[in-house]
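Asker: Next input, structure requested:
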Amino acid sequence: MFAIREEIPADVAGREALLDVCFGANRFAKTSERLRDGRLPAEGLSLSALTDGCLIGTVRLWHISAGLDRPALLLGPLAVDPTCQAGGVGSALMREAIDSAARLGHDAILLVGDAPYYARFGFSAGKTAALWMPGPFERHRFLALELAPDALKGARGVIRATGAQAPVPAVAIPRAA
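Answerer: Numbering: from 1, shown residues only. Predicted coordinates:
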């Protein structure tokens, strides 16, 4: 059995370790990661799945613009501990992320991922045909889900990050004695 809740600061180290296990160091080279760099995830849309107090899954959504002035969210990464895969954790995280985004008034979600997996949640490449990622990406893996009718109708151009900047940690400067 597992529970899903909004991510808390105590989840961060476990989330990063889980993402390393699931995606390796190569995860930092992906175009999607460039859109997340230095940004805060969308408010209320960072989710953690836990069992017996241990983090077993994570998903976050990020503010983007799908072309010129078209607010949307970028989903990712979605990760589930390899020992818990095929147990419904990923599907539950996806459903909760989609439901939460809709409840919070967001109109569309985009992602780069496995089309057959994400199709079960309504994602398809049809709504991204005139959109581009700001770097290398596989066109057939660039998917979207409209939460509001025609939210991406006529959307064209390059995806850009629009979310709040993450605070930069203060650096201690040693004083001369």
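Asker: only C-alpha atoms for contact and neighbour calcs from this point on.
Answerer: Fine.
Asker: Give me the helices and strands touching the longest helix along the chain, please.
Answerer: Determined from DSSP state H, the single longest helix within the chain is helix 89-103. On a contact count with 3 or more CA pairs under 8 Å, 6 or more residues apart in numbering; DSSP states H and E, helix 89-103 meets strand 46-51, strand 54-66, strand 79-80.
Asker: Kindly state which of those is positioned closest to Phe137.
Answerer: strand 54-66 (15.2 Å; CA to CA).
Asker: List the buried residues in the closest one.
Answerer: Across strand 54-66, burial judged by 16 or more other CA atoms under 10 Å covers 55-66.
Asker: rewinding a little: check the offset of the longest helix of the chain from the chain's centre.
Answerer: The chain centre lies 11 Å from the centre of helix 89-103; the measure is CA atoms, centre = their mean, to the nearest Å.
Asker: Kindly report the same for stretch 101-108.
Answerer: Worked out by CA atoms, centre = their mean, stretch 101-108 lies 14 Å from the chain centre.
Asker: hey, which helix or strand in the chain has the poorest pLDDT?
Answerer: Counting by mean pLDDT, DSSP states H and E, the chain has its least confident helix or strand at helix 31-36, which shows a mean of 89.
Asker: Which strands or helices does it pack on?
Answerer: Judged by 3+ CA pairs under 8 Å, 6+ apart, the packing partners of helix 31-36 are strand 157-161.
Asker: Could you list the residues in contact with the strand it packs on?
Answerer: The contact list for strand 157-161 (CA atoms under 8 Å, 6 or more residues apart in numbering) reads 35-36, 62-68, 130-134.
Asker: Right, I'll call it a day here.
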